[in-house]
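Novice: Sequence plus predicted model, see below.
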Amino acid sequence: MQSNYTQQASLGQILKNAFTYWNKTILYQLVFSILYFSLFFLGYFYLFKYFGLWDEFTKYQDLIRTDLPAFNKKMEEIARLPQARNFALGFFVLLALINPLNVGLYKVYRKIDLKETVTLNDLFAGYIGFDFFKFFGFYLFWIIIFTYGNALLLLGVFWIFVTLFCVPLMYFMNVKTFEGISLTFKVLRKNFSTIVPAMLVAFLFSLTGILICGVGFLLTFPFLNAMIYALYQQYYKEVG
């Protein structure tokens, strides 16, 4: 498929569209968040124990109350163990396995646009057939680059923005990873002053859920996806 760029839209209209997608799919976004964080924490603690880091941690946990500097030093020593490096690799794979759930939200938003019936099965769109391998590979690549780029804050932020639309582009237009980065960069360069404030609002709104007894984060966390989709819909036109 090809992509054309649509007309400019005001920041206010894009924000309104994002909130509309979010508001119409609250139930599905709640299920998304529960699945995402359940898999994340279960996987994290499984890996932590599997690689023996839990046993190392419990040896020194009493130091948290009695000698925090000594505890921090022990944690630094644990971080240099071979099993800690294996844990880091396992953690990358875990994140790559979980993040195809994001694809499901984009499918839900698209079905809202098409006025089609949404089902819970739509949340697993990123795990169907070859799409799973495509998005698993993308997210693994993304996480590795982000981790190294994040050593310098600006590089990490830059990587987030130049890959902002890659997943919807890969899903709806079936483009390759680097083509998605190229298409994202072209739109970002022309609409930087709209996209950056929109994503900043989305990020801040997503965090507001933490203030609602923490549980509210399950509802506000997926708003980032709603904003990305609203921006994608504004700046890309799919042509068969």
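Specialist: It's in. Quick caveat, the model's predicted, so the values are computed rather than measured.
Novice: Export stretch 141-159 to CSV, keeping only CA atoms.
Specialist: Extracted in CSV, the C-alpha atoms of stretch 141-159 (Å, rounded to 0.1, in the frame of the first residue of the first chain):
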residue,chain,number,x,y,z
PHE,A,141,14.9,-4.4,17.9
TRP,A,142,13.2,-1.3,19.3
ILE,A,143,13.9,-2.2,22.9
ILE,A,144,17.6,-3.0,22.3
ILE,A,145,18.2,0.3,20.4
PHE,A,146,16.2,2.3,23.0
THR,A,147,18.2,0.8,25.9
TYR,A,148,21.5,1.8,24.4
GLY,A,149,20.2,5.1,23.1
ASN,A,150,18.8,5.9,26.5
ALA,A,151,22.3,6.1,27.9
LEU,A,152,22.1,9.6,26.4
LEU,A,153,18.6,10.9,27.1
LEU,A,154,18.2,12.8,23.9
LEU,A,155,19.0,9.8,21.8
GLY,A,156,16.3,7.8,23.7
VAL,A,157,13.7,10.5,23.1
PHE,A,158,14.7,10.8,19.5
TRP,A,159,14.3,7.0,19.0
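Novice: any idea how far Tyr106 is from the residue nearest in space to the middle of the chain?
Specialist: Closest to where the C-alpha atoms of the chain average out (C-alpha atoms, centre = their mean) is Asn99, at 6.2 Å. Using C-beta to C-beta, to the nearest Å, Asn99 is found at 12 Å from Tyr106. The C-beta positions use only the backbone N, C-alpha and C, and glycine is treated the same way.
Novice: Return the residues in contact with Tyr44.
Specialist: Applying C-beta atoms under 8 Å, 6 or more residues apart in numbering to Tyr44 gives the contacts 91, 94.
Novice: Next, give phi and psi for it.
Specialist: phi -60, psi -50 (degrees, to the nearest 10).
Novice: Let me see the ranges of the strands in this structure.
Specialist: With DSSP state E as the criterion, the chain has strands at 2-4, 237-239.
Novice: For these, which has the smallest mean pLDDT value?
Specialist: Mean pLDDT is lowest for strand 2-4 among those, at a mean of 47.
Novice: Which stretches in the chain count as helices?
Specialist: Assigned helices in the chain, in chain order: 11-24, 26-50, 53-60, 63-66, 68-79, 82-98, 101-113, 130-149, 153-162, 166-172, 177-190, 192-208, 217-220, 223-235 (criterion: DSSP state H).
Novice: Next, format the ones you listed as CSV and append mean pLDDT.
Specialist: Compiled in CSV, those are given as follows (pLDDT from 0 to 100):
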stretch, mean pLDDT
helix 11-24, 95
helix 26-50, 95
helix 53-60, 85
helix 63-66, 79
helix 68-79, 85
helix 82-98, 94
helix 101-113, 97
helix 130-149, 95
helix 153-162, 90
helix 166-172, 97
helix 177-190, 96
helix 192-208, 94
helix 217-220, 90
helix 223-235, 96
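Novice: Any idea which of those helices gets closest to Leu120?
Specialist: Using C-beta to C-beta as the measure, helix 26-50 is the one of these that comes nearest Leu120, at 6.3 Å.
Novice: now the angle between helix 101-113 and that closest one, please.
Specialist: 170 degrees (axes from the mean of the first three to the mean of the last three C-alpha atoms, to 10 degrees).
Novice: buried residues in helix 26-50?
Specialist: For helix 26-50, the neighbour count (16 or more other C-beta atoms under 10 Å) marks 28-29, 31-33, 35-36, 40, 43, 47-48 as buried.
Novice: and what of stretch 69-85?
Specialist: By neighbour count on 16+ other C-beta under 10 Å, the buried set for stretch 69-85 is 71, 74, 78, 84.
Novice: Tell me the gap between it and the middle of its chain.
Specialist: Put simply, stretch 69-85 sits 28 Å off its chain's centre (C-alpha atoms, centre = their mean, to the nearest Å).
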